[in-house]
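**Q** take a look and give me a structure for this.
(one chain, ligands or ions: 1)
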Amino acid sequence: MTFQPTIHPLDASLAPNDLAAFWMPFSANRSFKQRPRLVVGAEGMHYLTGEGRRVIDGAAGLWCCNAGHCREPIVKAIQGQAARLDYAPSFQFSHPEAFTLAARLAALAPGDLDHVFFANSGSEAVDTALKIALAYWQARGRGSKTRLIGRERGYHGVGFGGISVGGIVTNRKAFGTLLTGVDHLPHTYDRDRQAFSRGEPDWGAHLADELERIVALHDASTIAAVIVEPVAGSTGVLPPPKGYLQRLRAICDKHDILLIFDEVITGFGRLGTAFAAERYGVVPDLMTFAKGVTSGTAPMGGVIARAPIHDAFMQGPEHTIELFHGYTYSAHPLACAAGLATLDVYRDEGLFGRAAELEAAFADAVHGLKGLSNVLDIRTVGLAAGVDLAPKAEGPGRRGYDAMVAAFHDHDMMLRVAGDTLALSPPLIVTEGQIGELVEKLGKTIQAVA
Ligand SMILES: Cc1ncc(COP(=O)(O)O)c(C=O)c1O
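**A** Below is the predicted model of the structure:
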């Protein structure tokens, strides 16, 4: 597959003349505004800056543009939908594309994950999944099952539910007491035992047994659900130890606890399969998705529920609302059109299989950075990689931040960083040549911040 970008130099008037008003999310606002990193166009594997620089996208935007940028079938579908039906309410009314997309997603998901509830982001998807879990047990007459179990180093977005089950201290500490009744599994990363592993590390499956300890502490009659990312993405790409997810599933089954996979970044081909559930042969009870569902072109997220969970709600008089939850923009027509076109692109171009085929070459390339200054660990899985750098003397996060800035300004590459971990997650259309380019640029960046 070759792409011939036809990006045109853009009008300088597109540069904003006042950066003060936009309070940027998850950003170092003051540093950014001194030296902005603005992009004004995109195509395929690249962003374009106002000065006409082509910046290779090493992060698929924010882990979302899996089909690459500004893909014509997706653009046309959104344009057509905007002209045909701009908005339709999803409360008590709907439109055909919502049902078509739900059916396509259910068909893509493994097992009896058959029913799709739409939201608009990963955070909303997570909060929706947690609420479905709680309401499910109540619908089953087991309303004492209310505890939610997350995991250290987990990222589940920024809603109060998501930060409560999440395990990133900076995302939690400023926001009060969060949800009550939440406990956490330990994370699965141990550098001494796992450093420089490719794919799933050999060590660590036994950490799933910590769920038994939590059950012994609280009793299963109080626990509604466990939520984990199959591969923890935002805290630096932590693949699950071999056998870990299977063990978690078995313990959940034993104690009647719902298992939720947060597949917001692992969904839609990142690991070489439609969902991580397929790669690991583990069917969760609820699965969240977002990002790749529209390849980042329109906000959308959601939850796919196993049939028995959904069916537990479908009782009582038929005129009554079964789940008091939803968003004004659930199943928004533009997002649905984008989603359908995106799924077509994934299917027609075999992009999930392509990620699987490229996995070994990607791992070889990224692991080639071992030995560069400050590289403490490299992890790869599917088309995702995390490279841990030693922190600078002035404290954690500085070297990572400097790397992200240097990559963009000096090496024409967009990178994602989490603290001092550099993450690569290119669009799935990346060529082997572009993998080489990304890794070469990453190497130069690491040297630049040595
Ligand atoms: C696993 C996971 N869950 C939830 C989210 C939150 O998604 P959003 O930023 O769309 O709310 C993310 C975002 O990166 C994520 O990686």
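
**Q** ok and the residue in the stretch 1-150 of the chain nearest the ligand?
**A** Nearest residue of the stretch 1-150 of the chain to the ligand (C-beta to the nearest ligand atom) works out as Gly122 at 2.1 Å. For the C-beta atoms, the positions are set from N, CA and C on the backbone; glycine is no exception.

**Q** check what pLDDT that residue gets.
**A** At Gly122, the model reports a pLDDT of 98.

**Q** tell me the contacts of it?
**A** Contact partners of Gly122, counting by C-beta atoms under 8 Å, 6 or more residues apart in numbering, are His156, Gly157, Asp262, Val264, Thr288, Ala290, Lys291, Gly301.

**Q** can you tell me how far it sits from Gln315?
**A** The spacing between Gly122 and Gln315, counted by C-beta to C-beta, to the nearest Å, is 30 Å.

**Q** Val116 in helix, strand or coil?
**A** strand (DSSP: H, G, I helix; E, B strand; the rest coil).

**Q** spatially, what comes nearest to it if we skip its sequence neighbours?
**A** For Val116, ignoring the flanking residues on the chain, the nearest one in space by C-beta to C-beta, 6 or more residues apart in numbering is Ala102 at 3.9 Å.

**Q** not counting its own residues, what contacts the helix or strand where that neighbour lies?
**A** Taking DSSP states H and E as the definition, Ala102 sits inside helix 96-108. Applying C-beta under 8 Å, 6+ apart, the contact partners of helix 96-108 are 81, 90, 113-116, 118, 274-275, 289, 293, 302, 304, 331, 333, 336-337, 339-340, 343.

**Q** swap the cut-off to 6 Å and go again
**A** Helix 96-108 has contacts (C-beta atoms under 6 Å, 6 or more residues apart in numbering) with Asp114, Val116, Ala274, Ala331, Cys336, Ala337, Gly339, Leu340, Leu343.

**Q** can I assume the last one sits in a helix?
**A** It refers to Leu343. Yes: under three-state DSSP, Leu343 sits within a helix.

**Q** list the residues that contact it.
**A** Applying C-beta under 6 Å, 6+ apart to Leu343 gives the contacts Arg104.

**Q** report the separation between it and Cys64.
**A** For Leu343 relative to Cys64 (C-beta to C-beta), the value is 14 Å.

**Q** next: the second one.
**A** Distance of Val116 to Cys64, given as C-beta to C-beta: 18 Å.

**Q** got it, and the third one?
**A** Between Ala274 and Cys64 the distance is 16 Å, computed by C-beta to C-beta.

**Q** ok so, going back, out of the contacts of Gly122, who's near the ligand?
**A** On the criterion C-beta under 6 Å from any ligand atom, His156, Gly157, Asp262, Val264, Ala290, Gly301 are the entries of the contacts of Gly122 that sit beside the ligand.

**Q** dump the residue contacts of the first one.
**A** When contacts are counted by C-beta under 6 Å, 6+ apart, His156 is found next to Val126, Gly162, Val165, Gly166, Asp262.

**Q** repeat for Cys252
**A** Val226, Leu259.

**Q** mind listing what's buried in the host helix or strand of it?
**A** In the assignment (DSSP H and E), Cys252 maps to helix 244-255. Using 16 or more other C-beta atoms under 10 Å as the test for burial, helix 244-255 gives Tyr244, Leu245, Arg247, Leu248, Arg249, Ile251, Cys252, His255.

**Q** quick one: low-confidence parts of this protein?
**A** Per-residue confidence for the chain (pLDDT under 70) gives these ranges: 1-17.

**Q** still on that earlier bit, which single one of the buried residues of helix 244-255 is nearest to the ligand?
**A** Using C-beta to the nearest ligand atom, those come closest to the ligand at Leu245, 14.5 Å.

**Q** residues touching the closest one, list them.
**A** Applying C-beta under 6 Å, 6+ apart, the residues near Leu245 are Tyr280, Val282.

**Q** picking up where we left off before, hmm, who's touching the following helix or strand past the helix holding Cys252?
**A** Counting by DSSP H and E, the next helix or strand C-terminal to helix 244-255 is strand 258-262. Residues from elsewhere that reach strand 258-262, judged by C-beta under 6 Å, 6+ apart: 129, 133, 156, 225-227, 229-230, 249, 252, 277, 284-288.

**Q** in these, find the pair that's most separated.
**A** Distances among the contacts of strand 258-262 were taken as C-beta to C-beta; the most separated pair is His156 and Arg249, at 18.6 Å.

**Q** contacts only, for Ile223.
**A** Taking C-beta under 6 Å, 6+ apart, one finds Arg147, Ile257 in contact with Ile223.

**Q** ok, back up a step: now the helix holding Cys252, how far from the centre of its chain.
**A** Taking the mean of its C-alpha atoms, helix 244-255 sits 23 Å from the chain's own mean (C-alpha atoms, centre = their mean, to the nearest Å).

**Q** residues touching the one residue in the stretch 151-300 of the chain that gets nearest to the ligand, list them.
**A** Taking C-beta to the nearest ligand atom, the ligand has its nearest neighbour within the stretch 151-300 of the chain at Gly157, 3.1 Å off. Gly157 makes contact with Gly122, Ser123, Val126, according to C-beta under 6 Å, 6+ apart.

**Q** ok, the first one to Gly159 distance?
**A** Meaning Gly122. Using C-beta to C-beta, Gly122 is found at 9 Å from Gly159.

**Q** with the second one instead?
**A** With distances taken as C-beta to C-beta, Ser123 is found 5 Å from Gly159.

**Q** so how far is the ligand from Ala338?
**A** 15 Å (C-beta to the nearest ligand atom, to the nearest Å).

**Q** can you report how many residues lie near that residue?
**A** Using other C-beta atoms under 10 Å, the number of residues around Ala338 comes to 26.

**Q** measure it to Gly269 for me?
**A** 16 Å.

**Q** again with Arg142
**A** Taking C-beta to C-beta as the measure, Arg142 and Gly269 are separated by 37 Å.

**Q** ok, now Ser164?
**A** On the measure of C-beta to C-beta, Ser164 and Gly269 end up 29 Å apart.
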